[in-house]
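> Generate coordinates for the sequence data below:
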Amino acid sequence: MLVRGCGDIVNIGSVSALRIVPDMAAYSASKAAIHAFSDGLRADLAETSIRVIEILPGLTRTAIVERRFRGDQARAEAYYESFGMALQAEDIAAGVLFAARQPPHVTIAQLMIMPSNRF
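Predicted coordinates for the structure are as follows:
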């Protein structure tokens, strides 16, 4: 990218980097690391045409919850249902495309994507 003089780096983190979730300290810490890495990389590349985009999804239906409950699909479904609403992977992909399709002089540094019923 440096040789080419342009490019986009998209890091997928989590809202958990900024809003701690009980019982998920290690997960939140790993997402906080992505957040810090993205900020640092953006600073390091500020004088280039390389954009660093950090996507911070809220609750999204992925395999992570099922793994958290050791393959118990019913428990994972109940977890999502308890929130009333969750994002889909396609929602996050749409956010990535939105950020990447901005004109070269615009960087969406951080994009928090949340279910409508969350704050």
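> Pull out the buried positions in the longest helix belonging to the chain.
Identified as the longest helix of the chain according to DSSP state H is helix 25-44. Across helix 25-44, burial judged by 16 or more other Cβ atoms under 10 Å covers 27-28, 31-32, 34-35, 38, 42. Where you see a C-beta, it was placed from the backbone N, CA and C, and this is true even at glycine.
> can you give me the helices in the protein?
Using DSSP H, helices in the chain cover 25-44, 63-68, 73-83, 89-100.
> Relative to A63, which of the buried residues of helix 25-44 is nearest.
Nearest to A63 out of those is Y27 (Cβ to Cβ; 13.7 Å).
> mind checking how far R68 is from H35?
Distance of R68 to H35, computed by Cβ to Cβ, to the nearest Å: 21 Å.
> Mind listing what's buried along the helix-or-strand element of the chain with minimal mean pLDDT?
Least confident element among the helices and strands of the chain, by mean pLDDT, DSSP states H and E: helix 63-68 (a mean of 85). For helix 63-68, burial by neighbour count (16+ other Cβ under 10 Å) applies to 65-66.
> Give the other helices and strands that it contacts.
helix 73-83 (3 or more Cβ pairs under 8 Å, 6 or more residues apart in numbering; DSSP states H and E).
> how distant is the helix it packs on from the center of its chain?
21 Å (Cα atoms, centre = their mean, to the nearest Å).
> With just CA atoms, put the strand ranked longest in the chain into PDB.
The residue-count maximum for a strand in the chain (DSSP state E) belongs to strand 50-57. What follows is strand 50-57, C-alpha atoms only, in PDB (Å, rounded to 0.1, in the frame of the first residue of the first chain):
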ATOM      1  CA  ILE A  50      -3.800   4.900   3.500                       C
ATOM      2  CA  ARG A  51      -7.000   5.000   5.500                       C
ATOM      3  CA  VAL A  52      -7.400   3.000   8.700                       C
ATOM      4  CA  ILE A  53     -11.100   2.200   9.400                       C
ATOM      5  CA  GLU A  54     -12.300   0.700  12.600                       C
ATOM      6  CA  ILE A  55     -15.700  -0.900  12.700                       C
ATOM      7  CA  LEU A  56     -17.200  -1.300  16.100                       C
ATOM      8  CA  PRO A  57     -20.300  -3.600  15.900                       C
END
